[in-house]
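Novice: can you look at this prediction? I've put the sequence above it.
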Amino acid sequence: MSVIVVEVMPKAELLDPQGKAIAGALRRAGRGEFQVRQGKRFELAVDGEVTPELLESVRSIAADVLSNGVIEDVVGVRVAAGVTA
């Protein structure tokens, strides 16, 4: 079984309130050197080989179902290395 990882992030030009909250917590913990943006990671397990056609299908699913195109970008679709579900 293979695992395909899809990563989604807020669009760069939009405010990221969750990332801001995390950055604030880090500052309070004495680790203020970080800027934070919080996104989402999806893992899709599939039987068999991951073909280029399957990855293209996952990209379409990521754009249509896993992300909100108004406020988010799909930033990665890849086969997880060494991961079995």
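Specialist: Arrived safely, thanks for sending.
Novice: nearest residue to Ile22 in space, ignoring adjacent ones along the chain?
Specialist: In space, and not counting its chain neighbours, Ile22 is closest to Val36: 4.5 Å by CB to CB, 6 or more residues apart in numbering. C-betas here are computed from N, CA, C, even on glycine.
Novice: do the same with Met9
Specialist: Gly39 (3.8 Å).
Novice: now Arg59
Specialist: Closest residue to Arg59 apart from its sequence neighbours, by CB to CB, 6+ apart: Val77 at 5.1 Å.
Novice: what pLDDT does the model give that neighbour?
Specialist: For Val77, the pLDDT comes out at 97.
Novice: could you check how far it is from Val8?
Specialist: 10 Å (CB to CB, to the nearest Å).
Novice: show me whatever sits in contact with both of those two.
Specialist: Ala62 (CB atoms under 8 Å, 6 or more residues apart in numbering).
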